[in-house]
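*Asks:* output the structure for:
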Amino acid sequence: MSELLQFLFSGVTVGAVYALVALGFTIIYNASDVVNFAQGEFVMLGGMITFAAHAAGLPLPLAAVSAIVLTAGLGVAMNKLAIEPARGAPVVSLIIITIGASIFIQGAAQIVFGKQIHSFPAFSGDAPIRVAGATILPQSLWVIGGAVAVFIALWLFFTRTLLGRAVLATSNNRLAAQLVGINTNFVMTLSFALSAGIGALAGVLATPITLTAYNVGIAFALKGFAGAMLGGMGNPKGALVGGFSIGLIEALTAGYLSSTYKDAAAFVVILAVLFFMPQGLFGRKSTDRV
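*Replies:* Next up is the predicted model:
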C-alpha cells in the first residue's frame, strides 16, 4: 500500500507540472486556435532565469518573480515578432512557427546558461513529509497548489470576466470580435503573456524537484500537450485533469513496469485520444454548418 501511495505522490507532483503546461496551451488555443509548441521552453526559462538571478544574489522570491515577468515579456515578443506578422497564414504554418521559436529559444538558452544541469533551494526545505509509509516533499505541495490555484484563476477569468469572454470570442470568430469592438491584437498579446508566465511559474515550482537544463522544454511541451489533448484542447478543467492523469500514468508505468517506458506513456495517450476520442474528456464535439 505504501508503495502505491508513493507512486501516486510522484505522479500527482509531476502531473501538476504537466497540468500547468497544459493550461498554458489552453490559453493560446482559446485565443487563436494555435497550439504553441514553445510552451515547454517557457517552463525551462522559468527555472533557468530563477537559478541565474538567485546565483547573482537576488533573494529567491524576487528571483522567481523576475523570471516570471521576463518570460511573460518574451511571450509578448514572440507574439509581436513571429505570430502577429503571420496572422493571415494557415494554422499549420503558425504551429510550425512556434516549433521554430522553440528551437531558437533552446539554442539561445544553451549559449546563455550553458549545458549544465541547474537547480535552486526548495521553498520550504527538503525534509519529507511522511504519510502512511510514503513520503512527499514540501515542494511537491507548492507545485500541486500552484496548479490548482492557476486553474481556479483561469476558470474565473474565462467564465466571469469580460476580458476572458473576449478571448473566447476572438477564438470563435476574430472578425466578428473586431466588429463588436474587441481589440483582438491586445487579446493575443495578453494570451501569450499569460501563457508564458504560467509556463515560467511551472518551471519555478518544479526546478527544485526535477532540476532544469537548456533542453528540458521539449519533454514538458509534449507531455503538457498530451494532457491538454486528453482533457479536451481549450478546456481549463480538461487541462488540469489531463495533466494530472498523464503524471499518474507515467508514475505507475515507471513503478510497475519499467522506467524505460514511462516517457512513452504520453505518446500512447496522444495516439489513443486521436483515434478514439478526438474531442478529449471534456471537449465538445464540433459541427460544421454547410
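*Asks:* just the mean pLDDT for stretch 66-79, thanks.
*Replies:* Across stretch 66-79, pLDDT averages out at 93.
*Asks:* quick one: residues in contact with it.
*Replies:* Identification of contacts with stretch 66-79 by Cβ atoms under 8 Å, 6 or more residues apart in numbering yields 38, 42, 45-50, 53, 58, 101, 105, 188-189, 191-197, 199-201, 203-204. All C-beta atoms are positioned from the backbone trio N, CA, C, and that covers glycine.
*Asks:* so how far is that stretch from its chain's centroid?
*Replies:* Its chain's average C-alpha position is 14 Å from that of stretch 66-79, according to Cα atoms, centre = their mean, to the nearest Å.
*Asks:* pLDDT weak spots in the stretch 1-150 of the chain?
*Replies:* 1 (pLDDT under 70).
*Asks:* now the strands for it?
*Replies:* Using DSSP state E, counting those that start in this stretch, the strands found in the stretch 1-150 of the chain span residues 129-131, 134-136.
*Asks:* do you know which of these lies nearest Pro90?
*Replies:* Closest to Pro90 of the strands of the stretch 1-150 of the chain, according to Cβ to Cβ: strand 134-136, at 45.4 Å.
*Asks:* what pairs with the closest one, parallel or antiparallel?
*Replies:* Strand 134-136 has the following strand partners under DSSP bridges: strand 129-131 (antiparallel).
*Asks:* report the buried residues of the partner strand.
*Replies:* Going by neighbour count (16 or more other Cβ atoms under 10 Å), nothing in strand 129-131 comes out as buried.
*Asks:* give me the contacts around that strand.
*Replies:* Here strand 129-131 makes contact (Cβ under 8 Å, 6+ apart) with 5, 9, 135-138, 141.
*Asks:* please apply the same query to stretch 18-25.
*Replies:* Here stretch 18-25 has contacts from 35-36, 39-40, 42-43, 146-147, 150-151, 154, 194-196, 198-199, 201-202, 205, 220-221, 223-228, 231, 233, 236, 239-240, 242-244, 246-247, using Cβ under 8 Å, 6+ apart.
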